[in-house]
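Engineer: any chance you can model this:
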Amino acid sequence: MIKKNVIITGASDGIGATAARGLNQAEYNLYLVGRNKAKTAKVANEVDAPYFTADFSQLDQVRHLAELLQRTLGDQKIDILVNNAGGLFGTHALTDDGFERTIQVDYLAPFLLTQLLMPNFNPDQAVVINTSSIAHQLFGHINLNDLNNSHKKYKGTKAYGDAKLAN
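Structural biologist: Coordinates of the predicted model:
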């Protein structure tokens with residue numbers, strides 16, 4: 001049996017950790033990604049998988065993560081990429097890259113990671129799963145002229161809804 005290579009971001013907690021535990025079967029090689037090293041290592045130890053850390057609020061770390069994953073996988077192909085990393089932040093903050101934190105962490109960084117890893121996807125059957133939520137319907141109203149949600153009445157739920165709608 002050929003094992004499928006699965007990368008799960010946001011694997012340190014919540015849905016990502018649950019997915020890693022659920023996929024901890026003989027037919028998968030798991031590669032876990034999380035922001036918090038200790039929490040990610042704990043889940044990785046539970047499922048006997050390598051892990052990587054990256055803060056998606058820093059796009060340079062996403063680029064570095066893609067390089068590490070490509071080096072680790074070598075000639076192996078990626079069968080499944082689970083873009084699950086994300087968060088809902090209550091205050092407006094711009095990242096060092098100049099983007100509102102929620103849109104970057106929940107949408108831009110996973111999009112960048114996917115694009116960087118695309119040459120490593122299995123051409124016959126690669127699957128990309130983007131975690132979303134009902135928030136895209138409840139709160140998402142993307143203003144293309146204000147992706148950073150920089151208006152005076154910033155609401156974390158709207159920023160989160162926008163990011164999930166973008167996904």
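Engineer: from now on I want contacts and neighbour counts done on CA atoms only, so please keep to that.
Structural biologist: OK.
Engineer: give me the next element, helix or strand, following the longest helix along the chain.
Structural biologist: In the chain, assigned by DSSP state H, the helix with the most residues is helix 59-73. Per DSSP states H and E, the first helix or strand lying C-terminal to helix 59-73 is strand 80-83.
Engineer: helices or strands up against that following strand?
Structural biologist: Applying 3 or more Cα pairs under 8 Å, 6 or more residues apart in numbering; DSSP states H and E, we find strand 80-83 packed against strand 4-8, strand 127-130.
Engineer: residues contacting the following helix or strand past that strand, please?
Structural biologist: Downstream of strand 80-83, the first helix or strand assigned by DSSP H and E is helix 101-103. Contacts to helix 101-103, defined as Cα atoms under 8 Å, 6 or more residues apart in numbering, come from residues 57, 86-89, 92-95, 147-148, 156, 159-160, 162-163.
Engineer: what's the first helix or strand after helix 101-103?
Structural biologist: helix 109-117.
Engineer: rounded mean pLDDT for that next one, please.
Structural biologist: Throughout helix 109-117, pLDDT has a mean value of 97.
Engineer: buried residues of that helix, list them for me.
Structural biologist: The neighbour-count check on helix 109-117 (16 or more other Cα atoms under 10 Å) flags 109-110, 112-114, 116-117 as buried.
Engineer: now those in JSON lines, with distance to residue 127?
Structural biologist: As requested, those are exported to JSON lines (distance: Cα to Cα, whole Å):
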{"residue": "109", "distance to residue 127": "18"}
{"residue": "110", "distance to residue 127": "14"}
{"residue": "112", "distance to residue 127": "16"}
{"residue": "113", "distance to residue 127": "14"}
{"residue": "114", "distance to residue 127": "11"}
{"residue": "116", "distance to residue 127": "15"}
{"residue": "117", "distance to residue 127": "12"}
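Engineer: looking at the residues you listed, which is nearest residue 70?
Structural biologist: Taking Cα to Cα as the measure, residue 70 lies nearest residue 117 of those, at 7.4 Å.
Engineer: which residues touch the closest one?
Structural biologist: Going by Cα under 8 Å, 6+ apart, residue 117 touches 66, 70.
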